[in-house]
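[1] for reference, the sequence and a predicted model appear below.
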Amino acid sequence: MKRTLLSVLILFLVTTSFGNNNNKGLVNGFKGVFEPTYQFGVGEYGLDRFKVNLIGGYQFNPYVSIGVGSGLRYYFNNSNALVPLIFDLKINFMNRKVSPYFSISAGYNFNAFNSFKKAGYLINPAIGVCIRVYEKSALYLGFEIEAQQKDFVNYYDSYFGYIKETKHSYSMSLNLGLTF
């Protein structure tokens with residue numbers, strides 16, 4: 001028992017002494033981000049939707065990365081799909097294997113079922129924790145809120161017909177992102 005305990009202690013000391021980079025954050029370089037999630041609508045015009053983002057970016061240092069990409073927002077209530085073009089900024093607060101982060105994505109959506117006509121802007125802030133798996137790989141687990149500009153049709157009476165109004169559709173979700 002003493003040998004096993006001593007062997008584990010020596011192994012622990014060797015790995016922590018020479019592998020000091022194991023507790024550091026992400027290294028700089030190009031990276032990809034994949035973010036799928038289900039968003040729950042909140043508020044008067046909130047709609048449930050499936051969200052997926054695919055972003056190509058650059059990690060400038062262990063703290064800051066910037067990227068651009070696209071994705072999909074599929075609305076279940078009216079079978080509508082929007083394709084966003086987005087800009088993404090991620091900030092890790094510590095140069096550690098596990099770090100809190102803040103992220104903000106902003107962009108413009110196009111309606112995939114209507115000849116990619118303009119559909120409105122979106123903004124998506126998120127906070128959470130980044131867990132580095134490897135030098136350029138990490139999991140992002142967080143809470144996010146998304147505001148999407150969207151057209152809504154409100155029916156009144158038979159004389160006036162319908163009126164289309166542009167409102168903000170809000171949603172919130174637990175986000176899971178993978179950096180590779």
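    Looks like it came in fine.
[2] right, and Asn23 touches Pro62 too?
    No - with contact defined as CB atoms under 8 Å, Asn23 does not reach Pro62; the gap is 11.2 Å. No exception for glycine: its C-beta is placed from N, CA and C like everyone else's.
[3] those two: who's more crowded?
    Pro62 (18 against 12; other CB atoms under 10 Å).
[4] my guess is the more buried one is in a helix, correct?
    No - Pro62: not assigned to a helix; according to DSSP: H, G, I helix; E, B strand; the rest coil it is coil.
[5] what sits against it?
    Lys24, Gly25, Leu26, Val27, Asn28, Asn92, Asn95 (CB atoms under 8 Å, 6 or more residues apart in numbering).
[6] in contact with the spatially most central residue of the chain, which residues?
    By CA atoms, centre = their mean, the chain has its centre lying nearest to Glu35, at 5.1 Å. For Glu35, the contact set (CB under 8 Å, 6+ apart) comprises Lys51, Val52, Asn53, Leu54, Ile55, Gly71, Tyr140, Asn175, Leu176, Gly177, Leu178.
[7] make it 6 Å
    Asn53, Gly177 (CB atoms under 6 Å, 6 or more residues apart in numbering).
[8] what strand or helix carries it?
    Assigned by DSSP states H and E, Glu35 falls within strand 29-42.
[9] what's the helix or strand following that strand packed up against?
    Next in sequence after strand 29-42, counting helices and strands by DSSP H and E, comes strand 49-59. Packing partners of strand 49-59 (3 or more CB pairs under 6 Å, 6 or more residues apart in numbering; DSSP states H and E): strand 29-42, strand 64-75.
[10] reformat these as JSON lines; add mean pLDDT and distance to Asp151.
    Formatted as JSON lines, those follow (pLDDT from 0 to 100; distance: least, CB to CB, whole Å):
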{"stretch": "strand 29-42", "mean pLDDT": "96", "distance to Asp151": "16"}
{"stretch": "strand 64-75", "mean pLDDT": "97", "distance to Asp151": "12"}
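[11] reformat the ones you listed as TSV; add distance to Tyr121.
    What follows is the helices and strands packed on strand 49-59, written out as TSV (distance: least, CB to CB, whole Å):
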stretch	distance to Tyr121
strand 29-42	16
strand 64-75	12
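[12] so which of these comes closest to Glu144?
    Closest to Glu144 of these is strand 29-42 (CB to CB; 7.7 Å).
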